[in-house]
Each structure stands twice: as structure tokens, then as C-alpha cells.
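Novice: could you look at this predicted model? Sequence included:
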Amino acid sequence: MSPRRRRRKKDGDLLVVLGALGLAALVLVKVGQWAWAHWWVLIVLGLPALCVLVGLAYRQVDRMRSARMRAASLTYSLGQLDAMHHSAFEVAVRDLLARDGSRDALRCGGRGDLGADVKGHDPAGRFWVLQCKHRSKGLDGSAIGTPELQTLNGTGRPVHGGDVVVMVTNGKISGPARDFARQQRLHLVDRHVLDEWARGRRPLWEILPAVPPPRKPPRLRRAP
């Protein structure tokens, strides 16, 4: 195509675009004029739409309120926890943490979790890292031993930055593992503590002993 033809094509395309814009502007002006002259029609048509929007908003708020109420009353029995798959057990632990007031409780268990199945901040600002070990046989299952706690200890603080590092199980924990946990400032939620936490209304940070104090807010720098 010659330069003259290309120039003519561009000019034609520009005229088409300008014509379309002008037509759109004219339609908008006519619509505005009609709406100004027939404002009462807009009100008649708008009221039902407004009522529908208000109704939808109310239903959404009601669903959110109901969800919060269900979360606040969440409980599990040991039988329910024992019958769960290990992934469902992790979800239950996350939900209990959220029930206690953690707004960012997250289940992150799975391949590559680096020793953390559930994480979240408590209302005092402490960051919790929880490793979950489910035993389908409960107390009859194998005990949590020192190797599992060594793995958690190696990642809970250095990798995940946890202020409170916790092992949660519906089974039992061996004596050597308990000694190791005391030495390394790890917290243990065995079957007895889990029953108290899952059935009751007390948050985990009120049940466990020797939980670190709340995080202090950062100091504000004084102006020079």
C-alpha cells in the first residue's frame, strides 16, 4: 500500500472514531435531557432497586453475624477429633485458634510446610506456630517423640518467626519429648490439654503455662 493510501485510510479511521464519539455524546445529552424532564420516572424505577440492594446488604450482614456466632460457640469432642483425617484435624485447630480471636489464623500444612501446620497472631500480637500430629487411635497410637519436636524447634522460630511454638496432638507425648520441650521453650498440647481447649471457651493462651508476654508496640522516634 502506498503512503498516500495509508494516509487516506488513517484519516478515514479517525473520522469514523470521531463520528462514533460524537454520536455517543449526542445520545448521552438526549438521555440526560429526558431524565431531567422525567425525574419522577427514575424515582419510581429506582425505589424497587434500592429496596433490593438494601435487602441483599441486610442478608449479607446477617450471614456474617451468624458465621461469627457459630465461630464463637465452636467446640469439638475428642471423639470428633479422633475420627478426623489429619488434614481435617489441622483445619479444626485453625478454627479453634480463630475462635479464640486470631484474625489471621491460617492452615498451611502439607508438603513443604517446614514444620508448621497452623499459624496466626493472637489478640496480644504474639505470632503462633503450631505443628499438628493426629493419631487415629488416640492414646493407643504412637507417642510424639523427641525427633518431631526437634524438627519443630528447628523451624518454628528461625524459619517461621514464631513467638509461641506449639505441638498439638490428640495422642500422647513421651517423657523425653516433654523434657526437650521444657529445655527449648516449646509448648505442648497433648490429649488432656486439647480436650480442655476444644470443649471449653478459654483461649489457648490462657490454658498454656509460661506463654511469652504480649508483644510491645514499637517505640515512636522522638522528633529532633
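Specialist: Thanks, I have it.
Novice: quick check: phi and psi at Trp128.
Specialist: phi -100, psi 130 (degrees, to the nearest 10).
Novice: the helices in this protein, which residues?
Specialist: Assigned by DSSP state H, the chain shows helices spanning 3-37, 39-72, 78-82, 86-99, 146-156, 175-184, 191-199, 204-207.
Novice: weakest of those by average pLDDT?
Specialist: Per-stretch mean pLDDT for the helices of the chain is lowest at helix 39-72 (a mean of 58).
Novice: most centrally placed residue in the chain?
Specialist: Centroid-nearest residue in the chain: Asp104, 4.6 Å away (criterion: CA atoms, centre = their mean).
Novice: my read: that one touches Pro123, true?
Specialist: No. Using CB atoms under 8 Å, Asp104 makes no contact with Pro123, being 11.2 Å away. For glycine as for every other residue, the C-beta is placed from the backbone atoms N, C-alpha and C.
Novice: domain assignment for this structure?
Specialist: 3-70, 78-207 (automatic domain parsing).
Novice: most tightly surrounded among those?
Specialist: domain 78-207 (a mean of 18; mean count of other CB atoms under 10 Å).
Novice: mind putting the domains of the chain in CSV, distance to Pro213 included?
Specialist: Below are the domains of the chain laid out as CSV (distance: least, CB to CB, whole Å):
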stretch, distance to Pro213
domain 3-70, 28
domain 78-207, 8
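Novice: so which of the ones you listed is nearest Pro214?
Specialist: Evaluated with CB to CB, the domains of the chain place domain 78-207 nearest to Pro214, the distance being 3.4 Å.
Novice: what's the span of the closest one from first residue to last?
Specialist: 17 Å (CA to CA, to the nearest Å).
Novice: chain center to it: distance?
Specialist: Domain 78-207 sits 17 Å away from the centroid of its parent chain (CA atoms, centre = their mean, to the nearest Å).
Novice: now stretch 22-41
Specialist: Per CA atoms, centre = their mean, the centroid offset for stretch 22-41 relative to its chain is 47 Å.
Novice: so how far is His38 from Val44?
Specialist: Noted for Val44: a distance of 10 Å to His38, by CB to CB, to the nearest Å.
Novice: quick check, pLDDT for the residue nearest to Asp104 when sequence neighbours are not counted.
Specialist: Leaving out its chain neighbours, the residue that sits closest to Asp104 by CB to CB, 6 or more residues apart in numbering is Gly120, at 5.1 Å. The score at Gly120 is 96. That number is its pLDDT.
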